[in-house]
Structure formats: structure tokens, C-alpha cells
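Colleague: Just a sequence and a predicted model for now, questions to come.
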There are 2 protein chains.
Amino acid sequence: MTSQELTEQILKKQSFLCVGLDTDLDKIPTYLLSEKDPVFSFNKAIIDATHQYCVAYKPNIAFYEAIGVDGWKALKKTIEYLHAEYPDLYTIADAKRGDIGNTSRMYAKAFFEDLGFDSITVAPYMGKDSVEPFLEFTNKHTILLALTSNEGAFDFQTLKTGDKELYKKVIETSKNWQNSENLMYVVGATKAEYLAEIRKIIPENFLLVPGVGAQGGSLEEVCKYGMTKNVGLLINSSRKIIYASDSSNFAEIAGAKAEAMQNQMASELEKL
Amino acid sequence: MTSQELTEQILKKQSFLCVGLDTDLDKIPTYLLSEKDPVFSFNKAIIDATHQYCVAYKPNIAFYEAIGVDGWKALKKTIEYLHAEYPDLYTIADAKRGDIGNTSRMYAKAFFEDLGFDSITVAPYMGKDSVEPFLEFTNKHTILLALTSNEGAFDFQTLKTGDKELYKKVIETSKNWQNSENLMYVVGATKAEYLAEIRKIIPENFLLVPGVGAQGGSLEEVCKYGMTKNVGLLINSSRKIIYASDSSNFAEIAGAKAEAMQNQMASELEKL
């Protein structure tokens, strides 16, 4: 999916919500555990109940790898279900990968070709040749970690390197990489005031914004500083939606939470 | 395995060689492709032929994920084979993971518990709370990327942050993290002269050194600047060993390559 098609979906659905599928066997309703594939059953129920209120799904790969081969199978079934039933939904593999060139290429194959994700999150520490193999893929996005939503973001990302912070240097440098038009960036909502600064460097690229909700950021602030004329934002919410309830009507309640966020987003889109 | 036990293995085998299992279906001998599990067949042959000359194996997870569920199964079979047949061999999941705290914990479970690796490589960009969940595991090592062997290492890792380069800041900062005694560091052999500087900050921790061989670094230089009284080095070689030949005696030739490196290492250990 191209950035333009993503914007079209956002305007059509009046939502820039991304639902994080951080599916954890310790947190899903216990009655699902007796099913053959509880992770997929949970994901399917969440997707069926929320798809009309969001434009993207983002499985965090850690939760699937934590249960080994079964997890990888559940991930594959989930992405295949999305492709078959809701092909207009944008998909993000939250994998935070990055390795030397020939190895990054293997990760790109895994997530873009084998699993068919539209995008993947990538860590910048190893530099240009660790990221460019992802950028080579047409109509796929590489979402580079810039300023994350956790406390540890202040350990290195905000250190001054010369006249600017490392995360700004990462964003600036990445603009010169081959196929940099395929870049999006992760910027945490807990640091909304940084968004104005970031928009000076990248006025147009999409930002994937975690940390609205569970981690405490405000949607209004994020939109105020981060929204572009083509929207340019995907706001992720995981736990606040998918674990809103652990009773048998968990999916319905997740749907209601997603709908509430979609309503707020529609108000923000009116300001465009 | 503890660092002390690893040193004992190194002295016993007179080797600090780590063999990288970057097993790629496009590179292994074609006659293996007709087998039920060509990746495991290749790994088993390589392990059987090289185990007496090395102390560690390091599958790079990208190569397994690139072939999906089958890859994950082959990875699990490989690590189970190592545990069953060669329990004294140290194992490294070259995964370069790192995420917010609760997510890093899932990766730690995946690689330390489900797969039973002794160690995992981790990227530092997201800071303390992305790494500490790995450090909590007793008798497991977390191998933090410091200065990698690729060209992109010069994009961010060597930028000055205040009075020192980012990679030095990463190493220094990480020393203050909870359970930091479980840390090792990745330092590329292509930058051997940096090792002297690094040893001033961490005189004792083990370093995992890629880039001897295929990427051009010299074993002698690495030992000169990086070796400690407890050795403190694991030198990784992947392609130069496992793809030394693609004929039917590939394993034998890989064994000979590993033996040659072990001989060089024995000479270096004499200098201790």
C-alpha cells in the first residue's frame, strides 16, 4: 500500500487508528485457552470487532516468538486472515529489526514476502546499510525508530550529537538513504512537544505514534504538532483496546474502545 | 553457562571460535534441498564436523525467519540437537532485539526459555528498560551491540555525544544497569584499534567479535587489543567456514577451516 492509498483509507474511514495485536496467552480471556489456536482466535475476534474503526493492525512479533512455532503459525494465520477478509487494512510487523546488509535482506524477505506485511519497524543503530535492504521493496514502508515512548528513550536518543539530539540526527541522515521516500518514523506520543521539531525535518512522512493511552500521551496534542495536510499519522493503541475486558464479550468491548478513539480522530480530521 | 565456565571451555579446547549458523537455502549444497529439513541437515553436518574446534554456535535468526514456520522449526531442532549432543557448547541467538520493557521480556522468554539459548544479541537504541528484562535471567548473557562491523557503524555509533563517541557512551551507561555483570558486547574486528579504548571502559566483559575473515579483520590484532586474562573474546566466523565449499564434502572442508582457526587461536592463547 502506498502512503497516498493509506491517506485515502484514513479519510474514508475517518480514522488513523492502528490496533496493536500484542497477543499474550497470560492476558487473553482464559476460556480461549482450550481452543486449538487461542492466539489466532483472539486476534480474529478483535479484528472482526474493530476493523471498521481502524486503518491498520500491528502485531508485535515478540508476543508470537515467545510461544515458538505455534506463535509463528498464529502470526501467519492472522496476516492471511487480514489479507483475505480485510485487504484494505494496512499491516505493520512491529519487529524492530536491523542487521548487516545481507542479514537485513533476510528479515525483509521474511516480513515483506513470506508474511506479506505492508511495513516493518526497524532500529537505526547499525546505520544505512542495515536499513536500505528494507527500503528496496516497492510499495512497502520501513518504519524507523526515532524517538520511542519508553523511559529508556532518554538514555541515548536525546543525547546531543554535535548541534542536535541523536534522534534528529537519525531522521536527518535517513533522508539521504536510497529510497528514503519509503520511510516512516516511530515517535512516541508521550513526547508530543517534540513533534513540532520533528515536523521541521520531515514535513510529510507518516509517523507511527505509540503511547497514546496506556503510556499516557494525548491524542489532541499529537495531532496539534504532528498532523500534516495528508494526515501523516498512525496512532497505535494496543492494551487499552485489546485487553479492555477479559470477559466473554471482550471483542465487543474492544470494538467500543476502538470506536471511541475513531470518534475522537474524526473530530481531529475536521480540523484539516 | 557462566562467563567462568565459558573461559574454562576455551582453555580446555584451546579455541574461542564461534561458528555462525547463517544457513541460507540459496547457499547450501543443492543436493540437500531434497531432504525433509535441509536447514537442519546442513546445520547438523556443520556442527558434527566443527564442534571440536569451537566453543560456541551463533544462528542468526534472520535466516530462519526468512523461511517462516519451517525456519523456526529448524532453529528449534538445531538448538535441541546442540543441547542433546554437545551440551558444553555455548549458544548465541543473534537476534538483535530490543523493545519496550514488557515486550523485551517476551523476547527474553522466547530465546532463553522456549529455545534455551545461553545468550542473545540486543540493540541499545531504546535504552535501559529495553535491555534490563534480558539481564534478569540467571546464567544467561545479553550481548549488547556496541560497535558493529558494517559500514553503517559510522553513521551513528561513532558520533561524538559530549566528550565521547556514542558506542562508548552505550558501554559506559550499560555498566550501571541492573545485573550488568550479565553483559557482553559486540565489537567488530574491522575496528581492532578501537578495542584498546573499549578495554579501558570494560576490562573484563566478554566481547563477541564478528568480522574476522569475510569482513576483513585480523585475529592477531583483535587479540592484541582485546584479550583479557580470562580470554574475554569470542571470535565469530560464519560464511568463511560454513560456505567454504558447496560440494558433498562441505562439512569436512568446514571442519578443516574451523581447525585452522582453532590452531591460530591456540597460538594466541599461549601468549596469555
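Modeller: Cool, the structure landed.
Colleague: tell me, how many neighbours does residue A:85 end up with?
Modeller: Per other C-beta atoms under 10 Å in any protein chain shown, the neighbour tally for residue A:85 reads 12. For every residue, glycine as well, the C-beta is placed using N, CA and C.
Colleague: Point out where the stretch 151-272 of chain A drops to low pLDDT.
Modeller: Flagging of the stretch 151-272 of chain A using pLDDT under 70 yields the residue ranges A:213-216.
Colleague: Please identify the residues of it in proximity to chain B?
Modeller: Taking C-beta under 8 Å from any C-beta of the partner chain, the part of the stretch 151-272 of chain A that reaches chain B is made up of A:151-157, A:159-162, A:166, A:169-170, A:173.
Colleague: I'd like to know which of the residues you listed are part of strands.
Modeller: A:160, A:161 (DSSP state E).
Colleague: Going through the residues of the stretch 151-272 of chain A next to chain B, which ones are buried?
Modeller: Restricting these to buried positions leaves A:151, A:152, A:153, A:155, A:156, A:157, A:159, A:161, A:166, A:169, A:170, A:173, with burial counted as 16 or more other C-beta atoms under 10 Å in any protein chain shown.
Colleague: In contact with the closest residue to residue A:221 other than its chain neighbours: list those residues for me.
Modeller: With C-beta to C-beta, 6 or more residues apart in numbering or on different chains as the criterion, residue A:221 has its nearest non-adjacent residue at 3.8 Å, and that residue is residue A:192. With contact set as C-beta atoms under 8 Å, 6 or more residues apart in numbering or on different chains, residue A:192 has these partners: A:217, A:218, A:221, A:222, A:224, A:225, A:226.
Colleague: neighbours around the third one, how many?
Modeller: This means residue A:221. Residue A:221: 16 surrounding residues under other C-beta under 10 Å.
Colleague: With residue A:218 instead?
Modeller: Quick note: residue A:218 (other C-beta under 10 Å) scores 14 neighbours.
Colleague: try residue A:119
Modeller: Residue A:119 has 27 nearby residues by other C-beta under 10 Å.
Colleague: Which of the contacts of residue A:192 are buried, as a PyMOL select command?
Modeller: To isolate the buried members of the contacts of residue A:192 in PyMOL, using 16+ other C-beta under 10 Å:
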select buried, chain A and resi 217+221+222+225+226
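Colleague: For residue B:198, state which of the contacts of residue A:192 is nearest.
Modeller: Closest approach to residue B:198 among those (C-beta to C-beta): residue A:217, at 37.2 Å.
Colleague: mind checking the backbone torsions on the residue nearest to that closest one when sequence neighbours are not counted?
Modeller: Closest residue in space to residue A:217, ignoring its immediate chain neighbours: residue A:189 at 2.6 Å, by C-beta to C-beta, 6+ apart. Main-chain dihedrals, residue A:189, degrees, to the nearest 10: phi -70, psi -20.
Colleague: re the thing from before, okay, and which of the residues of the stretch 151-272 of chain A next to chain B map to helices?
Modeller: A:153, A:154, A:155, A:156, A:166, A:169, A:170, A:173 (DSSP state H).
Colleague: so can I have JSON lines of these showing distance to residue B:36?
Modeller: Formatted as JSON lines, those follow (distance: C-beta to C-beta, whole Å):
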{"residue": "A:153", "distance to residue B:36": "46"}
{"residue": "A:154", "distance to residue B:36": "50"}
{"residue": "A:155", "distance to residue B:36": "46"}
{"residue": "A:156", "distance to residue B:36": "45"}
{"residue": "A:166", "distance to residue B:36": "47"}
{"residue": "A:169", "distance to residue B:36": "49"}
{"residue": "A:170", "distance to residue B:36": "44"}
{"residue": "A:173", "distance to residue B:36": "46"}
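Colleague: Can you name the two of the residues you listed that sit furthest apart?
Modeller: A:154 and A:173, at 20.4 Å, using C-beta to C-beta across these.
Colleague: residue boundaries of the helices in the stretch 1-150 of chain A?
Modeller: Ranges of helices within the stretch 1-150 of chain A are A:3-13, A:38-50, A:61-65, A:68-85, A:101-108, A:128-135, based on DSSP state H, counting those that start in this stretch.
Colleague: what's near enough to touch the residue in chain A sticking out farthest from the centre?
Modeller: Centroid-distance maximum for chain A: residue A:162 at 30.3 Å, with C-alpha atoms, centre = their mean. Each residue near residue A:162 by C-beta under 8 Å, 6+ apart is listed here: A:169, B:159, B:160.
Colleague: now those residues in TSV, with distance to residue A:12?
Modeller: Shown next, in TSV, are the contacts of residue A:162 (distance: C-beta to C-beta, whole Å):
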residue	distance to residue A:12
A:169	37
B:159	42
B:160	47
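Colleague: What residue in the stretch 151-272 of chain A comes nearest to chain B?
Modeller: The minimum distance from the stretch 151-272 of chain A to chain B, using C-beta to the nearest C-beta, falls at residue A:152 (2.4 Å).
Colleague: any idea how far the closest residue to residue A:115 other than its chain neighbours lies from chain B?
Modeller: Leaving aside its chain neighbours, residue A:115 sits nearest to residue A:79 (5.2 Å; criterion: C-beta to C-beta, 6+ apart). For residue A:79, the distance to chain B equals 11 Å [C-beta to the nearest C-beta, to the nearest Å].
Colleague: same question, residue A:63
Modeller: For residue A:63, the distance to chain B - C-beta to the nearest C-beta - is 5 Å.
Colleague: next one: residue A:41
Modeller: 18 Å.
Colleague: ok, back up a step: gap between the residue farthest from the centre of chain A and residue B:196?
Modeller: 25 Å (C-beta to C-beta, to the nearest Å).
Colleague: what's the answer for residue A:246, then?
Modeller: As judged by C-beta to C-beta, residue A:246 and residue B:196 stand 55 Å apart.
Colleague: I'd like to know how many residues surround the residue lying closest to residue A:230 once chain neighbours are set aside.
Modeller: Nearest residue to residue A:230, sequence neighbours excluded (C-beta to C-beta, 6+ apart): residue A:7, at 4.6 Å. The criterion is other C-beta under 10 Å. On that basis, residue A:7 has 18 neighbouring residues.
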